[in-house]
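J.: how does the following fold in three dimensions:
(one chain, ligands or ions: 2)
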Amino acid sequence: MNVKIRDASFDGVFPYHKAGLSQFAFAGRSNVGKSSLINRLVNRKSLVRTSKVPGKTRAVNFFRVDLVDLPSIYLVDMPGYGYSKVPKSMSYEWIDLITKYLSGNQELKLVLLLVDIRRDLESEEHMIIDLMGKTSSKVLMVATKTDKLPYSQRLKRISELSGQSGFSPVITSSHTGDGMGELWTHILESIHG
Ligand code: GTP
Ligand code: MG
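T.: Residues are numbered from 1 along each chain as shown. Ligands and ions are numbered 1, 2, ... in the order given. The predicted structure follows:
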């Protein structure tokens, strides 16, 4: 899908964003590549801060993306979970924050649930899938960092991940750009749905 981006900019932190734009949220374990994927989707190297150190994104951050000939949207960068050095209390805070953001949000069209292609699903991913099952927003599973595996192993991992989740993951890499067209297709299809 050929999407032209007119502009992309940071536009606030939940719950202080503006209403009226469809939201597409990027959720997943710390360091899975959420912020990198948003940058790659909009072709901006540093719209969103990324880091080798897990736990970089601590709030629900809204990035407004203005598209040519299409409605403007929000790409929403969520804080990562499962970062063991963060104190236990943070995980309650995290559950509370993401539950508030993800539940009953009519403008949230799609949650892109990112999973590192080399890792199995854990309780947090199942929690998000269960939580989203109670809402009208859809889930798209996205396998990240696929450049880290030889091609021969990718499909095997994808079928294992789909067995664990019931979703069939989109194969992506923010380093090579693989899968960006497919992600845009899903995003645009969900704007009205
Ligand atoms: P938190 O904000 O801590 O939740 O992390 P995040 O999910 O936003 O991850 P981020 O995008 O900051 O990326 C974490 C690290 O993974 C960085 O060092 C990235 O360069 C690297 N990374 C992200 N995407 C890819 C990818 O597709 N391939 C490879 N090889 N590395 C990647
Ligand atoms: Mg991040």
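
J.: in stretch 161-171, what counts as buried?
T.: 161, 165, 167, 169-171 (16 or more other CB atoms under 10 Å). Where you see a C-beta, it was placed from the backbone N, CA and C, and this is true even at glycine.

J.: is it in proximity to ligand 1?
T.: No: under the criterion of CB under 6 Å from any ligand atom, stretch 161-171 makes no contact with ligand 1; the nearest approach is 10.6 Å.

J.: so which of the buried residues of stretch 161-171 is the closest to ligand 1?
T.: The shortest approach to ligand 1 among those belongs to Ile171, at 10.6 Å (CB to the nearest ligand atom).

J.: so that closest one sits against Lys148, correct?
T.: No: between Ile171 and Lys148 there is no contact, the gap being 12.0 Å when judged by CB atoms under 8 Å.

J.: overlap in contacts, those two.
T.: Ile117 (CB atoms under 8 Å, 6 or more residues apart in numbering).

J.: now the helices for the chain?
T.: 34-41, 88-102, 123-133, 151-165, 180-190 (DSSP state H).

J.: output the third one as PDB, nothing but the C-alphas.
T.: In other words, helix 123-133. Only the C-alpha atoms of helix 123-133 are listed here, as PDB (Å, rounded to 0.1, in the frame of the first residue of the first chain):
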ATOM      1  CA  SER A 123       1.100 -14.000  30.400                       C
ATOM      2  CA  GLU A 124       1.200 -10.300  29.500                       C
ATOM      3  CA  GLU A 125       0.400 -10.900  25.900                       C
ATOM      4  CA  HIS A 126      -2.500 -13.200  26.800                       C
ATOM      5  CA  MET A 127      -3.700 -10.500  29.200                       C
ATOM      6  CA  ILE A 128      -3.800  -7.900  26.400                       C
ATOM      7  CA  ILE A 129      -5.600 -10.400  24.000                       C
ATOM      8  CA  ASP A 130      -8.200 -11.200  26.700                       C
ATOM      9  CA  LEU A 131      -8.700  -7.500  27.600                       C
ATOM     10  CA  MET A 132      -9.100  -6.600  23.900                       C
ATOM     11  CA  GLY A 133     -11.600  -9.400  23.500                       C
END
